[in-house]
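Colleague: What follows is a predicted protein model with its sequence.
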Amino acid sequence: MSTYDSNNVFAKILRGELPCHRVYEDDKVFAFLDIMPRAPGHTLIIPKAPARNILDIEPEALADVIKAVQKVAKAAVKVFAADGVTIHQFNEPAGGQVVFHLHFHVIPRKEGVPMKPPATEKGDPETLAAHALQLSTALASP
């Protein structure tokens, strides 16, 4: 297994070197919209700690991430009036991982509406900004 690469795209987003549509942040985790959403509200949740994937993250840091995953999932279901939510997490190339910084996908789902195939269509920037605002507002309220 390879080591963590501090120049991966998510590390650059964390450092503010690349833009994103921020949804949630605390001292341990960061959440932002996927720029190629498979459904409206498709959010990525990452640890701020450098972790390649679930195989090398400290258990305490993983617990912080999964708490944020649940928080974002609940908000996404509410904001997008979803019937359910799909959570994806991939590890290493054989497991489908493409960006080598641990991340969870939270994808709100509607009954009978299929997800778009992965990485097929960039989201409209105005729509992504609106979705990010809706989610961040929901996450900020108690």
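Modeller: That came in fine, so what should we check first? Numbering: from 1, shown residues only.

Colleague: So which bits of stretch 113-132 are buried?
Modeller: The neighbour-count check on stretch 113-132 (16 or more other CB atoms under 10 Å) flags G123, L128, H131, A132 as buried. C-betas here are computed from N, CA, C, even on glycine.

Colleague: which stretches of the protein have low pLDDT?
Modeller: Within the chain, the stretches falling below the threshold (pLDDT under 70) are 1.

Colleague: what ranges do the helices span in the protein?
Modeller: Ranges of helices in the chain, per DSSP state H, are 9-14, 59-79, 125-140.

Colleague: Tabulate those helices in TSV, adding columns for distance to P108.
Modeller: TSV is the format used below for the helices of the chain (distance: least, CB to CB, whole Å):
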stretch	distance to P108
helix 9-14	21
helix 59-79	4
helix 125-140	10
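
Colleague: Which stretch among these approaches K110 most closely?
Modeller: Across those, the minimum distance to K110, taken as CB to CB, is reached by helix 59-79, at 10.5 Å.

Colleague: Identify the residues contacting the most centrally placed residue in the chain.
Modeller: Ranked by distance to the mean C-alpha position of the chain (CA atoms, centre = their mean), the top residue is L44 at 0.6 Å. With contacts defined as CB atoms under 8 Å, 6 or more residues apart in numbering, the neighbours of L44 are F10, A31, F32, L33, D34, H103, F104, H105, V106.
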